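In: give me the fold of what follows.
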Amino acid sequence: MANINYEILKTIGEISDSNKGWTKELNLISWNNREPKYDLRDWAPEHEKMGKGITLTGKELRKLKEILNEMDI
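Out: Numbers count the residues shown, from 1 in each chain. Prediction:
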């Protein structure tokens, strides 16, 4: 498997946590020294391991926010 480098530039917020200590977080991350993107995924304590997640540009995140604001939940 290829080595993936990442740097968490800003922690936006924690969405949930599990009884095993993992947390679902929204962060601003630079993957492999590229332009930072908003990232939503599960992280192990100390961010040493990660689960599958999604990355969004600022434009995509704004559109998602718009969609969520229109939902009746």
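In: quick one: mean pLDDT for stretch 50-63?
Out: Mean pLDDT, computed over stretch 50-63, is 97.
In: residues contacting Asn32?
Out: Counting by C-beta atoms under 8 Å, 6 or more residues apart in numbering, Asn32 touches Ile4, Asn5, Tyr6. C-beta coordinates here come from the backbone N, C-alpha and C atoms, glycine included.
In: same thing with Arg41?
Out: Lys24, Glu25, Met50, Gly51, Lys52, Gly53, Ile54.
In: picking up where we left off before, mind putting the contacts of Asn32 into JSON lines with neighbour count, pLDDT and distance to Leu64?
Out: Shown next, in JSON lines, are the contacts of Asn32 (neighbours: other C-beta atoms under 10 Å; pLDDT from 0 to 100; distance: C-beta to C-beta, whole Å):
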{"residue": "Ile4", "neighbour count": "8", "pLDDT": "86", "distance to Leu64": "24"}
{"residue": "Asn5", "neighbour count": "9", "pLDDT": "93", "distance to Leu64": "26"}
{"residue": "Tyr6", "neighbour count": "15", "pLDDT": "95", "distance to Leu64": "21"}
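In: coming back round to it: who wins on neighbours among the contacts of Arg41?
Out: Ranked by the number of neighbours (other C-beta atoms under 10 Å), the contacts of Arg41 place Glu25 first, at 22 neighbours.
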